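Enquirer: Sequence and predicted structure below; questions after.
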Amino acid sequence: MEVPILYYNYRCHIRHYDDPNLRKIIQLHIQVCEEIGNRECLPVEGDLITLAFECKGEEQFFYDWLNEGAMHNGEIHFIYNEVEIVDIFRFWDCFCVKIEEYMSVGNSPMMMVLYLSPGIIKRNNLEVREKVWKVSDISQQPFISIAPESKEEKQAEIVEVYWMDAEGTRRIEELPESGIATLCAKVKNANAGETVKFEIEYDDGSIIKLLGKVNLQGEVKIENVKLNQKQESK
C-alpha cells in the first residue's frame with residue numbers, strides 16, 4: 001500500500017507519561033515487556049513517528065493495525081521535485097499507537113493522523129536504532145543508500161526530433177511538395193535561450209546546418225526550413 005503523506009514529524013525519546021492518549025497501546029507494550037522479562041522498560045519510550053494524509057479509502061487498514069496491536073514494516077520516501085528520492089526512512093516491528101481524524105471542512109478533505117512507534121528504524125546513511133522489544137533481526141539485510149546527485153554540469157541533450165508543417169501546427173511524416181517545414185526538437189539539461197545546432201544530411205552526402213534557440217518549455221523550433229534547397233555542401 002502506498003499513501004501520499006501531507007505531514008511528517010519524528011520525535012526521539014518520548015516518555016510514556018508525555019501523552020495520556022497512549023494509555024491503550026502502553027498496555028500492549030507492557031505485555032511485550034513482560035514476555036521478554038523487562039517489565040520496567042516501557043517500549044513506548046523511544047522514537048515516535050507522526051504522519052498525516054487525506055482519507056481516500058485506505059483507513060480500515062490503519063484501524064485494524066491499531067485495534068489488533070499488530071506489528072508492520074514500512075518505508076517513508078522523501079521526494080524532491082516529485083521525482084527524485086533524497087532519503088528513505090525504513091521501519092520494522094512498528095505499532096500504530098494512536099489515530100486522529102479531522103473532518104472535511106469546505107474544500108479541505110477529511111484527514112487522518114497516525115502515531116507510529118517503530119521497533120527498528122533505519123534512515124539513509126545513518127545507523128540502525130532499535131528498541132528492546134523489537135522482534136526482527138535486520139543485521140544481515142543489505143541496504144541501498146541514495147547517493148547525492150552530482151553537482152557537475154550536465155551536457156545538453158536532444159531527446160526527440162520531429163517535423164511539423166510550415167505553419168508549425170501539425171506533425172508530418174513526409175516532406176510536403178513545397179519542401180518547406182518546421183524542425184522541432186525537445187532538449188533536456190539546457191537553459192532557455194541557449195543555441196542548439198542541427199546538421200541534416202542528404203542521401204548524396206551533402207549537409208545543411210541550422211541553428212535554433214531553446215524556449216522556456218525546453219523545445220527548439222526552426223521555421224521555414226527549405227529542405228529542397230541545399231544551403232551548405234560537405
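Expert: Happy to help now that I have it.
Enquirer: All the helices of the protein, residue numbers only.
Expert: Using DSSP state H, the helices found in the chain span residues 23-35, 59-68.
Enquirer: Compare these and say which comes out lowest on pLDDT.
Expert: Of all the helices of the chain, mean pLDDT reaches its minimum on helix 23-35 (a mean of 60).
Enquirer: Give me the residue ranges of the chain where confidence is low.
Expert: Residue ranges of the chain with pLDDT under 70: 1, 8, 10, 12-46, 80-84, 125, 140-156, 202-203, 228-234.
Enquirer: Using the record's assignment, carve it into domains.
Expert: 7-130, 157-226 (automatic domain parsing).
Enquirer: Let me know which of those domains is tucked in deepest.
Expert: For the domains of the chain, average neighbour numbers computed from mean count of other CB atoms under 10 Å are highest in domain 7-130, which has a mean of 15. Where C-beta positions appear, they are placed from N, C-alpha and C, glycine not excepted.
Enquirer: what about that one, start to end distance?
Expert: Its first and final residues considered, domain 7-130 spans 24 Å by CA to CA, to the nearest Å.
Enquirer: Please apply the same query to stretch 101-115.
Expert: Start-to-end span of stretch 101-115 (CA to CA) is 12 Å.
Enquirer: does residue 186 really touch residue 219, like I thought?
Expert: Yes - assessed by CB atoms under 8 Å, residue 186 is found in contact with residue 219 at 5.6 Å.
Enquirer: Quick one: residues contacting the closest residue to residue 76 other than its chain neighbours.
Expert: Nearest residue to residue 76 in three dimensions, chain neighbours excluded: residue 89, at 4.0 Å (CB to CB, 6 or more residues apart in numbering). Shown in contact with residue 89 (CB atoms under 8 Å, 6 or more residues apart in numbering): 10, 49, 75-78, 121-124.
Enquirer: Residue 69 and residue 120, how far apart?
Expert: Here residue 69 is placed at a distance of 17 Å from residue 120 (CB to CB, to the nearest Å).
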